[in-house]
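Asker: Got a predicted model here, sequence first, then my questions.
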Amino acid sequence: MTAPLARAQTPSSPDSGDARADRATDLDHVVVQGASTGYKAANASTATKTDTPLGETPQAITVVTGEQMRDQGAQNIQDALNYAAGVRSEAYGLDSRGDWTLIRGSDPTEYLDGLRGAFNYYTSTTRTDPYMLERIEVLRGPSSMLFGQGSTAGIINLVSKRPQAQSQREIGVQLGSFDRRQINADLTGPLTADGTWLYRIVALYRDSDTQVDQVEDDRRLIAPSLTWRPNEDTSLTLLLRWQQDRTGSTSQFFQWSGLVAPNPNGPIPANRFIGNPGDHYDTDHSSAGWSFEHRFNPNWTFRQAFRASRNEVDYVTVYADPFSNPLNPFIDPQQRVINREGWFAHNRARMQNLDQHVEGRFKTGALEHQMLLGVDAVRFKQDEAQSFDGAPERGGTLPPIDVYNPVYAPYTPPPLGPAVQTSQRQIGVYLQDQMRIGEHWIVVAGLRHDRAKSGKVGEADESSSATTKRLGLMFHDWAGWSPYVSYSESFTPVAGTNRNGARYRPQRGEQVEAGLKFEPAQRDLSFTAAAYELREENRLIPDPASPVGNNIQAGKTKTTGLELEFAGKLTSSLDITAHYNYLDNDKQLTPAPRHQAAVWAKQAFSLGGRDGFAAGLGLRYFSAFAEPPSPTTPSVLLGDAMLSYDTGAWRLALNVNNLTDKRYFSYCGGRGDCWFGARRNMVLSASYSF
């Protein structure tokens, strides 16, 4: 019997006094948060763990600014990444349990403020709300040299809102589709007259349904933070978060028939629920940590970040079983009734993250160095109790259901089995040097060594180690043109065994990337083109001999692609972001659209002599693709729109995603199931600033 998984279970100069030196002395995160307005970001820290201009970074990176998230009405991280280059934001459709994305055809690793979010799939995580974020940085391609174990896809780094020196207070409400009702607040400013103490409180309360019957989307969130800055050289920020989500599973794991394949009874409605009344996916999350920085002098700085988190998930779900016979999962001649499976789990996860490094700036002859020496460590433990159920003919107790006219027969889930304790530990040492030769040449070189262990109570630990590298070369032309080439590697320990009991080998990846960045002088615009070849080894894929619940490791695979991205202001009143992705990946890997394109533009205008109006319009296109033996997942073109009015302290906005209410599917898998995309979602919001 199968757990309802969305995928396989994988686990500048210090002496010259120029602008580069001045820029580097700003306290960490303060520059990051204030570095951009509109849709074009100036700097990012994810690619180098230093505050580096995007135009001087020899690797593809996309920044989704807070203004862009607000304008596009992002309700979750998937929404926020809809217009990010290289990203397949809705890889597994609308799923209330998590944010599933692909970058360059592979699963990325999610970080929050530069620290890893979790080691496991959705049963050990709680979704991060976009309202608590300042921005999102997407680093595309292998990134183990800086971040340790992680996939070849890259890093999604969510950057939290931090206390600000200037008072800013906002209270807002939202009303929307599926009975959405939300109130949110963001308050920040100084606690003392001299600005030594700063505070911020982000809070949110939501009561909502979803596009699937009997599945809620309720959330309670409070994220306070406090900054102590005794002088311009020292800063300590304490960050707390408490979040409670009450939802279910919008993924019903429907079969192909009635979705992308014909069924004599017609199409299955997108709101259809075939689980058991009372199904739920409830999460409780709490975390506490700090971000510390001390600048010894203009050239040497120490930084440390730490977070401890606890996450508890109570998961009860009943779902369709098309896996046993994907070509004909129905058990009646009329093709209406299907067997079901149930997965029931209670998970408690605890995680501690620590990352600290010293940054030094110095010169050796003609070379200007910005060197980083650091150590990071992660410790993850979880206790998970599970049980499964299935059809009576296979020894289970779950009654089948008519997907066209569901009747919910009385059903009591089986008791959970004993809790299984698992753990993962990792420690890494890294060294990176950003070198500038003359005025135009930039070299980024890095080396890292990791040791990792994963274990299960009663079994011997699985140990692995790896050394990973990166190297980048860029010619940075002050006229705005900057060609570059780069090489990077990844390392991911893979816990568990195959169906024959053999342990998995670590997954490895390497990438060669060549690109061109252009930022015209005196214009708030940027253009990036990146071509890459990405090779992997030992990716987990479904076992062809037993694809349900079992995995094997692929051999050497290859993905090639091209990404074009444009962002900024075309005029003083017109903001735009656009991208095109071309992806050609190995047939063994997760299928994804070969062609993907998106464009979003926002125009500010006056109406009746009044300023403050703005209208936004976006288009998203995904080409067709298939994972045999499934039918083709059709291509789709989606539209999004926004209308807003700012007047004094008030902002009113209407956002509509999937403007035409297009019925579409994000992914139909070879194992037999299909995933609905998000239907039309309208949200009316009002906020008051004071």
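Answerer: Thanks, I have the structure now.
Asker: Was I right to think Y484 contacts L471?
Answerer: No: taking contacts as C-beta atoms under 8 Å, Y484 lies outside contact range of L471: 11.0 Å. All C-beta spots, glycine's among them, are computed from the backbone N, C-alpha and C.
Asker: higher neighbour count, the two?
Answerer: Neighbours of Y484 and L471, each counted by other C-beta atoms under 10 Å, are more numerous for Y484; the result is 23 against 16.
Asker: and that one, that one's in a strand?
Answerer: Yes: judged by DSSP: H, G, I helix; E, B strand; the rest coil, Y484 forms part of a strand.
Asker: neighbours of the residue nearest to R505 when sequence neighbours are not counted, just the number please.
Answerer: Leaving aside its sequence neighbours, R505 sits nearest to N538 (C-beta to C-beta, 6 or more residues apart in numbering; 4.9 Å). Around N538 there are 19 other residues, counting by other C-beta under 10 Å.
Asker: Test my guess that A261 contacts P629.
Answerer: No: look at A261 against P629 with C-beta under 8 Å: they stay out of range, at 11.0 Å.
Asker: D383 pairs with what?
Answerer: R348, Q421 (DSSP bridges).
Asker: And for it, the neighbour number?
Answerer: D383, neighbours per other C-beta under 10 Å, totals 16.
Asker: now it: how far from E312?
Answerer: To E312, D383 is 10 Å away according to C-beta to C-beta, to the nearest Å.
Asker: ditto for P326
Answerer: 34 Å.
Asker: and if you look at E110?
Answerer: Distance of E110 to E312, given as C-beta to C-beta: 19 Å.
Asker: same deal with I103?
Answerer: In terms of C-beta to C-beta, I103 sits 29 Å off from E312.
Asker: Comparing those two, which shows the higher neighbour count?
Answerer: A direct count of neighbours by other C-beta under 10 Å for I103 and E312 places I103 higher, at 29 against 18.
Asker: Confirm for me that that one is in contact with V138.
Answerer: Yes: under the criterion of C-beta under 8 Å, I103 makes contact with V138 at 7.0 Å.
Asker: hey, what's in contact with both of those two?
Answerer: G86, V87, G154, I156 (C-beta atoms under 8 Å, 6 or more residues apart in numbering).
Asker: For the second one, give the beta-bridge partners.
Answerer: Taking DSSP bridges, one obtains I103 as the residues bridged to V87.
Asker: Check the burial of it by counting its neighbours.
Answerer: 29.
Asker: what do you get for the third one?
Answerer: Residue neighbour count, defined by other C-beta under 10 Å, stands at 32 for G154.
Asker: So Q78 lies in a helix, does it not?
Answerer: Yes: if the criterion is three-state DSSP, then Q78 is within a helix.
Asker: Which residues are in contact with R140?
Answerer: Q59, A60, I61, T62, A85, G86, I103, R104, A153, G154, A530, E563.
Asker: Throw those residues into a markdown table and include pLDDT, distance to T467 and secondary structure, thanks.
Answerer: Supplementary listing: those in a markdown table, determined by pLDDT from 0 to 100; distance: C-beta to C-beta, whole Å; DSSP: H, G, I helix; E, B strand; the rest coil:
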| residue | pLDDT | distance to T467 | secondary structure |
| --- | --- | --- | --- |
| Q59 | 94 | 19 | coil |
| A60 | 95 | 24 | coil |
| I61 | 95 | 24 | strand |
| T62 | 96 | 28 | strand |
| A85 | 96 | 30 | coil |
| G86 | 95 | 27 | coil |
| I103 | 94 | 24 | strand |
| R104 | 93 | 23 | coil |
| A153 | 88 | 21 | coil |
| G154 | 91 | 20 | strand |
| A530 | 98 | 26 | strand |
| E563 | 98 | 28 | strand |
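Asker: Just put those in CSV and tack on distance to F178.
Answerer: Output for these, formatted as CSV (distance: C-beta to C-beta, whole Å):
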residue, distance to F178
Q59, 39
A60, 36
I61, 34
T62, 30
A85, 30
G86, 30
I103, 29
R104, 33
A153, 31
G154, 32
A530, 38
E563, 34
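Asker: For R307, which three-state class applies?
Answerer: On the three-state scheme (three-state DSSP), R307 is labelled strand.
Asker: One more: Q424?
Answerer: On the basis of three-state DSSP, Q424 is classed as strand.
Asker: Comparing A261 and P629, which residue is more hemmed in?
Answerer: A261 (14 against 11).
Asker: Okay, that one and P400: tell me how far apart.
Answerer: Taking C-beta to C-beta, one finds A261 at 20 Å from P400.
Asker: can you check R350 too?
Answerer: Distance, R350 to P400, using C-beta to C-beta: 39 Å.
Asker: of these two, who's got more company?
Answerer: P400 (20 against 16).
Asker: Contacts only, for that one.
Answerer: With C-beta under 8 Å, 6+ apart, P400 has these contacts: I331, V337, I338, N339, R340, A391.
Asker: Check Y484 too.
Answerer: Applying C-beta under 8 Å, 6+ apart to Y484 gives the contacts P58, Q59, I442, G472, L473, M474, F475, A514, G515, L516, K517.
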